[in-house]
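Participant: have a look at this fold, sequence not included:
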């Protein structure tokens, strides 16, 4: 690895950036697509576990920064936002279909160990607390029963902006 010990001119910086760009995998690289598929599949099946870019990097033998960049390009979102959004969608489904489970238990099932953090993230993505979301579902479907709710109401209300 070259170390910068002296000031560099614009040409030297441009050449260095060009070399870095050539060394990074591109979207045309067949491995790029395979990496993206593997990372997304793993995230979707292990969302309830403690996931991080470092963990995925070790598991996939890829650099965490590469995974972060890949995630942003493929999903249009950061890893944390994607993971939290996925977890909240699953929490919404569980809140509708498992009336006997507490919101805290559902938060733990989808990967949030801290109930306060779960409530904060849930409210950020949906605009309401998990309890209010569940109660809203009861009002919409008063005589339908839990199983009849199906996929209704699972849309995220984006409050991130």
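Facilitator: Good, I have the coordinates. Owing to the predicted nature of the structure, the values given are computational and were not obtained by experimental measurement.
Participant: going along the chain from the helix of greatest length in the chain, find the next helix or strand for me.
Facilitator: Secondary structure of the chain read by DSSP state H shows that its longest helix is helix 79-97. Once helix 79-97 ends, the next helix or strand along the chain (criterion: DSSP states H and E) is helix 103-109.
Participant: contacts for that next one, please.
Facilitator: Residues from elsewhere that reach helix 103-109, judged by Cβ atoms under 8 Å, 6 or more residues apart in numbering: 48, 90-91, 94-95, 98, 101, 115, 118-119, 122, 129-131, 134. Glycine gets a C-beta too; all of them are placed from N, C-alpha and C.
Participant: got a list of what residue 83 touches?
Facilitator: Residues near residue 83 by Cβ under 8 Å, 6+ apart: 43, 47, 51, 111.
Participant: and which of those residues is nearest residue 74?
Facilitator: Within the contacts of residue 83, the smallest distance to residue 74 is 10.9 Å, found for residue 43 (Cβ to Cβ).
Participant: just to check, the closest one is in contact with residue 82?
Facilitator: Yes - contact criterion Cβ atoms under 8 Å: residue 43 and residue 82 qualify, at 7.3 Å.
Participant: still on that earlier bit, quick one: average confidence on the longest helix of the chain?
Facilitator: In this model, helix 79-97 carries a mean pLDDT of 95.
Participant: out of the contacts of residue 83, who's nearest residue 14?
Facilitator: After measuring the contacts of residue 83 against residue 14 - Cβ to Cβ - the closest member comes out as residue 43, at 36.1 Å.
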